[in-house]
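Asks: Build me a model from this:
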Amino acid sequence: MGRYLLRRLAFLLVSLALASVVLFALLRMLPGDPANALTSVGAGPEQIAAARHSIGSDKPLPEQFVHWIGQLASGDLGTSFVSSLPVGPEIASRLNVTVPLTLAAFVLAVLIAVPVGFVAAHRRRTWYGALLNGVSQLGIAVPVFWLGMILIAVFALNAGWLPAGGFPQDGWSQPAEAIRSLALPVITIALVMSASLIRYVRSASLDVLGSDYLRTARAMGSSFGQAMWRHGLRNASVPVISILGIELASTLLGAVVVESVYALPGLGSLLATGIAQHDYPVIQGVLFVSTLAVLIIGFAADFAQRIIDPRLRGRLSGGAR
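Replies: Next up is the predicted model:
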């Protein structure tokens, strides 16, 4: 186990290093000059050169890269070109919106997908089993921004039950208002995510329901519920866990769309603003933090699979020897 953790940690560090190189290179290949965001329209060459010097974009690219890596090594994500504020605290404040939004949507999606997916598999020959499968297939094709606008029209504009967008200025110091502001975004993400998860839960459940070990357990006197709890649940959860990790990571990365629809001051809106202003430190900081989160989620999913599945634990022990 110790060697496995060291290998995964080494893989995470190497992946972060490669991601930082690719991220830095791609940003510098994009058209546009970040100095233009600091100067007025019609600025002369001298003003533009002074702006480039103030933000360091006139230095050679290798020197800029080494400077950025040095900042990362010390836990500093840099300073915004536009606002001159540290990027790290700004990202931390935006995570107060993005992280609760992502986690709440993820939990709700799992609570929907697991029972619905199992019922769709167990009752696949009934009309409602076919209906659940069809609805999940339809839900996959629904764009998240379109569903968000529909929910805003129904529950915010027409019914007036929930706010159409925004977030309390005082943040989580007003928990009731903060929860109301995130309700529709959470439902939007959860419905789209659960439609995809239902398919995977249904597929994993079908494999378990048709397995020999489940039939053997039933033949030895176990009820269907007992057989599923003792033998089926663990085997069905192994492939689903990897999908859950992917879905959680994609939801975190795709929050920019939902945050734009609901005008939420989260990580996605910060990234969109940074791109519009060619604010390299903001873009690099947001994407670096997002990459780190995706790698950690992938590690957690892989580790959970090895804890649950004895066969994977056996491979792990064999590799350790």
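
Asks: quick one: buried residues of stretch 166-173?
Replies: 167-168 (16 or more other Cβ atoms under 10 Å). For every residue, glycine as well, the C-beta is placed using N, CA and C.

Asks: Could I get the full set of helices for the stretch 101-250 of the chain?
Replies: Using DSSP state H, counting those that start in this stretch, the helices assigned to the stretch 101-250 of the chain run over residues 127-140, 144-151, 175-209, 212-219, 224-227, 233-253.

Asks: hey, least reliable of those by pLDDT?
Replies: Among the helices of the stretch 101-250 of the chain, helix 224-227 has the lowest mean pLDDT, at a mean of 70.

Asks: Spit out the contact partners of the spatially most central residue of the chain.
Replies: Per Cα atoms, centre = their mean, the C-alpha nearest to the average position across the chain is that of Leu252, at 2.1 Å. Leu252 sits next to 98, 102, 290, 293-294, 297 when contact means Cβ atoms under 8 Å, 6 or more residues apart in numbering.

Asks: How about Val256?
Replies: Val256 neighbours (Cβ under 8 Å, 6+ apart): 267-269, 271-272.

Asks: Scan those and report the most crowded one.
Replies: Within those, neighbour counts (other Cβ atoms under 10 Å) peak at Leu267, which reaches 29 neighbours.

Asks: Could you give the number of residues near the nearest residue to it once chain neighbours are set aside?
Replies: The shortest distance from Leu267 to any non-neighbouring residue, by Cβ to Cβ, 6 or more residues apart in numbering, is to Thr98 (4.1 Å). By the criterion of other Cβ under 10 Å, Thr98 has 27 neighbours.

Asks: next one: the one 3 residues further on
Replies: Neighbouring residues of Leu101 were enumerated by other Cβ under 10 Å; the total is 27.

Asks: That one is in contact with Ala255, isn't it?
Replies: Yes: with contact defined as Cβ atoms under 8 Å, Leu101 counts as touching Ala255 (6.4 Å).

Asks: For the two, list the residues in contact with both.
Replies: 189, 266.

Asks: hang on, the earlier thing: state the pLDDT value of the residue nearest to Leu267.
Replies: At Thr98, pLDDT is 91.

Asks: Then Val286?
Replies: pLDDT, read off for Val286, is 90.

Asks: hang on, it in a helix?
Replies: Yes: applying DSSP: H, G, I helix; E, B strand; the rest coil, one finds Val286 inside a helix.

Asks: so who does Leu292 touch?
Replies: Contacts for Leu292 (Cβ under 8 Å, 6+ apart) come out as Leu16.

Asks: what's the offset of the one helix or strand it maps to from the middle of its chain?
Replies: Take DSSP states H and E as the rule and Leu292 turns out to sit in helix 280-308. Here helix 280-308 shows a centroid-to-chain-centroid distance of 9 Å under the convention Cα atoms, centre = their mean, to the nearest Å.

Asks: Identify each buried residue in it, please.
Replies: In helix 280-308, the ones that count as buried by 16+ other Cβ under 10 Å are 280-291, 293-295, 297-299, 301-306.

Asks: That one versus helix 233-253: what angle between them?
Replies: For helix 280-308 against helix 233-253, the angle by axes from the mean of the first three to the mean of the last three Cα atoms, to 10 degrees is 180 degrees.

Asks: Is Ser260 in contact with Leu270, as I believe?
Replies: No: the pair Ser260 / Leu270 is not scored as a contact, 11.5 Å apart, by Cβ under 8 Å.

Asks: Between the two, tell me which one has more neighbours.
Replies: Applying other Cβ under 10 Å to Ser260 and Leu270 shows that Leu270 carries more neighbours, namely 26 against 16.

Asks: Let me see the confidence value for the more buried one.
Replies: Leu270 is given a pLDDT of 89.

Asks: same thing with Arg94?
Replies: 90.

Asks: same check, this time on Arg315
Replies: Reported pLDDT for Arg315: 53.

Asks: could you list every residue that touches Gly298?
Replies: 245, 249.

Asks: Relative to Ala113, how far out is it?
Replies: 20 Å (Cβ to Cβ, to the nearest Å).

Asks: cool, and Ala10?
Replies: 34 Å.

Asks: Looking at those two, which is more packed in?
Replies: Per other Cβ under 10 Å, whichever of Ala10 and Ala113 has more neighbours is Ala113, with 27 against 10.

Asks: which ones are touching the residue nearest to the more buried one when sequence neighbours are not counted?
Replies: Excluding the flanking residues, the one nearest Ala113 by Cβ to Cβ, 6+ apart is Leu197, at 3.5 Å. Contacts for Leu197 (Cβ under 8 Å, 6+ apart) come out as 109-110, 112-114, 117, 240, 243-244, 247.
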